[in-house]
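In: sequence and computational prediction follow.
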Amino acid sequence: MTKMEYIYHTDAAHGWLRVNITELQRLNLMNKITPYSYRLGNYAYLEEDADASKFINKKKQLNEKYTIKEKDDGNYSPIRGYPPFANPTISPSHHASKRKKGWHYESARHSLARKGIKTKTSLQKTIPTSLQNDYLEAYHYDTWSVTNEGIYDAYGVIHPELSRDEIIEMNPTDMREELVEFEDKKAAQGKISAKDMKDYIASMREVWGWKRGMEAP
């Protein structure tokens, strides 16, 4: 089979892998893509947190060769304006059934300061500190509540060089800590917009009933 090349679009806060619809059909993934991805014409734009890793993991399982070329779409990618991927079998709230209770949160500001990472960036000049802290607290809660399968998916996105089998052999706690640190750095560097923070917090409140200071029993 011909070695395929895929374009990985990124903006200041997120990323999407551009894949032809015929590929998703061939790999039997059409019913596994969430509405967090987008579709325009014959292409799907798979969001980086879960859908892109599903696709990449499937390619690895079949030992299919591929390359990924990154394309920077600037601060706000036009992909955000594309129609959501229409999959009647999966709703945005379906992830709730994949989660288990459990909570861990450490102040992002203290965590970053301990690692010597400066947090006084342009982000703090344009985004209220309260919103930034709420976003990071919600993200930490999410990361420490999701099942190991969800962690494998997320970790595979930031480490595409690792196979699924290699990831499964790793310590889930270590992976969670790395994912949280990765997101903290993105926020500190101003790579997450206020809109994305608000949308994420709203989603967490809808799915989890999350609120500030929430702890698992």
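Out: Sure thing, it's come through.
In: tell me the domain ranges of the chain?
Out: 4-90, 96-208 (automatic domain parsing).
In: from residue 2, how far off is residue 139?
Out: Separation of residue 139 from residue 2 (C-beta to C-beta, to the nearest Å): 39 Å. Glycine gets a C-beta too; all of them are placed from N, C-alpha and C.
In: swap in residue 179?
Out: Remark: distance between residue 179 and residue 2 (C-beta to C-beta) = 34 Å.
In: would you map the helices across this structure?
Out: Ranges of helices within the chain are 21-26, 51-61, 108-114, 122-126, 129-145, 148-158, 164-168, 172-188, 194-208, based on DSSP state H.
In: which one of these lies nearest to residue 44?
Out: helix 21-26 (5.9 Å; C-beta to C-beta).
In: give me the mean pLDDT for the closest one.
Out: Computed over helix 21-26, the mean pLDDT rounds to 93.
In: so for it, what gets flagged as buried?
Out: 23, 24 (16 or more other C-beta atoms under 10 Å).
In: distance between the ends of stretch 18-30?
Out: 14 Å (C-alpha to C-alpha, to the nearest Å).
In: what sits up against that stretch?
Out: For stretch 18-30, contacts defined as C-beta atoms under 8 Å, 6 or more residues apart in numbering pick out 4, 6-9, 33, 39, 42-46, 54-55, 58-59, 62, 87.
In: among those residues, name the buried ones.
Out: By neighbour count, with 16+ other C-beta under 10 Å, the contacts of stretch 18-30 hold 6, 8-9, 33, 39, 43-46, 54-55, 58-59, 87 as buried.
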